[in-house]
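Asks: I need the structure of the sequence given here:
(2 chains)
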Amino acid sequence: MDKLLEILSENSSFTPKELSLMLGEPEDYINAQIKEYEQSGVIKGYQAIVDWEKVPEAGVTAIIELKVTPQKETGFDEIAKRIMAFEEVTSMYLMAGAFDFSVMVKGATMQEVASFVARKISCVDGIKATATHFMLKTYKLGGLCFVDDEEADGRSMVL
Amino acid sequence: MIDYQNFTNDKIEQVKPSGIRKFFDIAIEMDNVISLSIGEPDFQTPWHIREAGINSLKKGKTWYSPNKGFIELRKEICNYYKRRFNLSYNPDSDVLVTVGGSEAIDLVFRAIVNGGDEVLIPEPAFVCYTPLTYMAGGKPVIIETKAENNFRLTREALENAITDKTKLLVLPYPNNPTGAIMEREDLEDIADLIIKNDLMVLSDEIYGELTYGGKKHVSIAELDGMKERTIVVSGFSKAFAMTGWRLGYALGPSEIIKQITKLHQYGIMSSPTTAQYAAIEALKNGDNDVAEMKSDYDIRRRLIVGKLNEIGLTCFEPLGAFYTFPCIKSTGLSSDEFATRLVKEKRVAVVPGTAFGESGEGYVRISYAQSLKNIKKALKRIEEFVKELKNENKG
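Replies: Sure, this is the predicted structure:
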């Protein structure tokens, strides 16, 4: 994999100067490369990785499995477009396996999410079945561990 | 009251505790310290290696191993040295599996040195060679390596240090703390002197996997006429992130291995069994792990070296191990003052160069066995520190 993307996908806060040092490439090259990735859509954006459990009243997250009937000609994509348009949906994937879409939904309460699924998602044409799973705890996200204390360095100075 | 001095060995009284520890003790008392002072990988042992150890326990492999180590492991060590460093050893007679590379170093001194023999030790270097030589009854003779030679051992420096009492040369490359390596030409430059003066070499290659900038570690044993007078010491700690397993080895002429095996047999009996099973897995299927960790170290190394030079702490390019050794003379502080004030004022722990010998004065050791995130944070703090010092000096 491209080292530049690898580093940025883990931590996008490095400056072009730092990236240039780390990769042994000129700063201009790094800038051009990032610009190219941004323009071509390889890099879609930059976000903070938030541990919502530490934020008061941050609400709940659910993963909803959807089974659908693909539409003639447009297949899965039209249904996907309809569902991803709901602002409650934070991410969505087409899956291989026992169901078709995996949809991540955020809401204030479990009731709110349940009602969103029942009243909005279930009513979209082509939806055959839904299964809602509420997330209880985040162990790892975006390559970062959320559980063990990352700052804790268990190493001893022996010599 | 018992005067314990009457009971303790006279020599051990003379041995000073390691200077690295002092800084760790200061740092551990404080909150929010980023430690760039530790000499072990921040990575944990790769899972498949850990599992091999766990599985051996599940199967009940909880007994001693043969004194020299399991033959399967000795064979893998020989395969590995052939594969990576082009050296052929006989697993039956030329290998001893030890409790870390450290035990092997100790054994070599004790098995080779007679009272009064001189042992040449290039410094700055890892802290164990001098006290262990001394305890073995030898006389440590320090060869100071210099920044202008990229801390390599030069022919001239070696020639000046050899006397008719010299018996052993320690070759600690890739070097802790400087990050220096010895390239083939550098080794060729000294090999004939070693042969002419009939010396043995203890080549500490524990960082042999960790070289950068397209340079591959070359063992002096690879050179004509050198294998028969070199004992290679290495281990699993640094390359495979296996420090806590305590496993290393010595490779060398069978006559020497035979002697050190006796010491090992009486003093240790055999190296940890579980660790040996894990190590077999490491050597069989761990090359990719080593390459991945090395690639991460390299990225950190470039960042840290580039940034230190930018800050004004000039730093020659370290090509091995996971340390940088910047010069801090421009700050007007001694190594000890620099390290003490840095940890107290900015919560970044580094080790003063003097912990690795007097020739380390004017330098500090900064380890990049630390996450990029923390390295980035620490560099910012070091930058602030150096700026504040400059203002102080102006004022």
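Asks: tell me the domain boundaries of the chain?
Replies: You didn't say which chain, so I picked chain A. Following automatic domain parsing, one gets these domains for chain A: A:3-40, A:52-141.
Asks: Oops, wrong one, chain B.
Replies: If you go by automatic domain parsing, chain B breaks into B:4-45+B:288-394, B:47-286.
Asks: can you pull out the helices in chain B?
Replies: B:10-14, B:19-28, B:47-58, B:71-85, B:100-112, B:129-135, B:155-161, B:184-196, B:254-267, B:273-285, B:287-311, B:335-346, B:372-394 (DSSP state H).
Asks: Neighbours of residue B:291, how many?
Replies: If you count neighbours by other CB atoms under 10 Å in any protein chain shown, residue B:291 ends up with 10. Yep, even glycine has a C-beta here, placed from its N, CA and C like the rest.
Asks: Show the contacting residues for residue 155.
Replies: If you meant another chain, say so; for now it's chain A. Residue A:155 makes contact with B:35, B:38, B:40, B:42 under the criterion CB atoms under 8 Å, 6 or more residues apart in numbering or on different chains.
Asks: not what I meant, chain B
Replies: Listed by CB under 8 Å, 6+ apart, the contact set of residue B:155 reads B:189, B:190, B:193.
Asks: so which of these is the most crowded?
Replies: residue B:190 (25 neighbours).
Asks: Going by distance to residue B:225, which of the contacts of residue A:155 wins?
Replies: residue B:40 (35.2 Å; CB to CB).
Asks: Name the SS class of the spatially most central residue of chain A, please.
Replies: Of all residues in chain A, the one closest to the mean position by CA atoms, centre = their mean is residue A:91, 5.8 Å from it. At residue A:91 the chain is in strand, as set by DSSP: H, G, I helix; E, B strand; the rest coil.
Asks: and the residue nearest to it when sequence neighbours are not counted, how many neighbours?
Replies: Leaving out its chain neighbours, the residue that sits closest to residue A:91 by CB to CB, 6 or more residues apart in numbering or on different chains is residue A:104, at 4.5 Å. For residue A:104, the neighbour count with other CB under 10 Å is 15.
Asks: Check which element follows the helix or strand containing residue A:104 along the chain.
Replies: Following DSSP states H and E, one finds residue A:104 within strand A:101-107. Later in the chain than strand A:101-107, the nearest helix or strand by DSSP H and E is helix A:110-119.
Asks: Now do residue B:200 against residue B:180, distance only.
Replies: Between residue B:200 and residue B:180 the computed distance is 22 Å (CB to CB, to the nearest Å).
Asks: which of these two has more neighbours?
Replies: Ranked by neighbour count (other CB under 10 Å), residue B:200 and residue B:180 place residue B:180 first, with 29 against 20.
Asks: could you list every residue that touches the more buried one?
Replies: The contact partners of residue B:180, taken as CB under 8 Å, 6+ apart, are B:145, B:150, B:151, B:152, B:173, B:174, B:318, B:319, B:320.
Asks: Same check on residue A:88?
Replies: Per CB under 8 Å, 6+ apart, neighbours of residue A:88: A:105, A:106, A:107, A:113, A:116, A:120.
Asks: Flag every residue of chain B that's near chain A.
Replies: Residues of chain B lying near chain A by CB under 8 Å from any CB of the partner chain: B:18, B:20-21, B:23-24, B:35, B:37-40, B:42, B:126-128, B:295, B:299-300, B:302-303, B:305-307, B:372-373, B:376.
Asks: can we see that at 6 Å?
Replies: B:18, B:20, B:21, B:24, B:38, B:40, B:127, B:299, B:302, B:303, B:306 (CB under 6 Å from any CB of the partner chain).
Asks: and which of these is nearest residue A:5?
Replies: residue B:299 (13.2 Å).
Asks: how close does residue B:130 sit to residue B:105?
Replies: Residue B:130 is 11 Å from residue B:105, where distance means CB to CB.
Asks: These two - which one has more neighbours?
Replies: The residue with more neighbours, out of residue B:130 and residue B:105, is residue B:105; 25 against 21, by other CB under 10 Å.
Asks: Name whatever forms a beta bridge with the residue lying closest to the more buried one once chain neighbours are set aside.
Replies: Take residue B:105 and drop its neighbours on the chain: the residue closest to it by CB to CB, 6+ apart is residue B:233, 5.6 Å away. Beta-bridge partners of residue B:233, counted by DSSP bridges, are residue B:204, residue B:250.
Asks: Could you pull up the residues touching residue B:233?
Replies: B:101, B:104, B:105, B:204, B:250 (CB atoms under 6 Å, 6 or more residues apart in numbering or on different chains).
Asks: So which of those is the closest to residue B:159?
Replies: If you rank the contacts of residue B:233 by distance to residue B:159 using CB to CB, residue B:204 comes first, at 21.6 Å.
Asks: do you know how far the closest one is from residue B:272?
Replies: Residue B:204 is 21 Å from residue B:272, by CB to CB.
Asks: neighbour count winner among these two?
Replies: Using other CB under 10 Å as the criterion, residue B:204 and residue B:272 rank with residue B:204 on top: 28 against 19.
Asks: If anything else comes up later, I'll come back, but that's it for now.
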